[in-house]
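Undergrad: Here is my input; please provide its structure:
(one chain, ligands or ions: 1)
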Amino acid sequence: MRCISCESLSWNIICKKCQSNLLQASFHKRELENNIFVYSFYEYEDIKNLINTKYKFHGDRVFNILAKLAFKKFAQNFNFNSNVVAIPIDDHTRHDFSQSAILAKHLKSNHIKPIYNTLKATNIIKYAGKDLNFRKNNKRNFVYTGAKNIQVILVDDLVTTGLTILEAKECLENHGCEVLFALTLSDARV
Ligand SMILES: [Zn+2]
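TA: Residues are numbered from 1 along each chain as shown. You can find the predicted model right below:
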């Protein structure tokens, strides 16, 4: 097959050379309103074609590689004095797999426990390419069915305006949960 990133012949969906380039993830920190921070590993523009495989059948393989390079490494270095729960945002499997669930899965460690299928958007409208006003007027309307009063790391593949993360945080807070921060694969700052 060909490497999905550089198109050279490869045994893997992302070739060894591209994987080692992707290993040099830099850690971005961005503050959304209400004092919540989003940490991300890649600039969206740099891995756009990889992120967009979430709409394709082979996307799970790509996301497993990216999650291993970024999220797993993060979890191994994460130290916290109590146990926290990683919650993927809206981990529906609309395209055979859920990219946010794959990312959360790789956070599993001594201190972090991923929980799936607890935070769902009831409005599944697509935000891609829409402006801030459209997004504000078409909220995700999250429903949370997980445990109350826990400490949470929110997980998603992409942060754009940050509205989805803020809405997810608000929903969790209504159930007595404390959102420590959000972790996304990439940041498409607008
Ligand atoms: Zn490559």
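
Undergrad: Which strands or helices does the strand or helix carrying residue 46 pack on?
TA: Taking DSSP states H and E as the criterion, the element that holds residue 46 is helix 44-51. Applying 3 or more C-beta pairs under 8 Å, 6 or more residues apart in numbering; DSSP states H and E, one finds that helix 44-51 contacts helix 59-67, strand 151-159, strand 178-187. The C-beta positions use only the backbone N, C-alpha and C, and glycine is treated the same way.

Undergrad: Show me the contact partners of the helix ranked longest in the chain.
TA: For the chain, the helix that runs over the most residues, judged by DSSP state H, is helix 163-173. When contacts are defined by C-beta atoms under 8 Å, 6 or more residues apart in numbering, helix 163-173 is touched by residues 32-34, 36, 38, 87, 89-90, 119, 127, 132, 135-136, 139-140, 142-144, 152, 154, 156, 159, 179, 182, 184.

Undergrad: mind redoing it with 6 Å?
TA: Under the criterion C-beta atoms under 6 Å, 6 or more residues apart in numbering, residues 32, 36, 89, 135, 140, 142, 144, 152, 154, 179, 182 lie in contact with helix 163-173.

Undergrad: In contact with residue 78, which residues are there?
TA: Contact analysis of residue 78 by C-beta under 6 Å, 6+ apart lists residue 111.

Undergrad: mind checking how far it is from residue 38?
TA: The spacing between residue 78 and residue 38, counted by C-beta to C-beta, to the nearest Å, is 16 Å.
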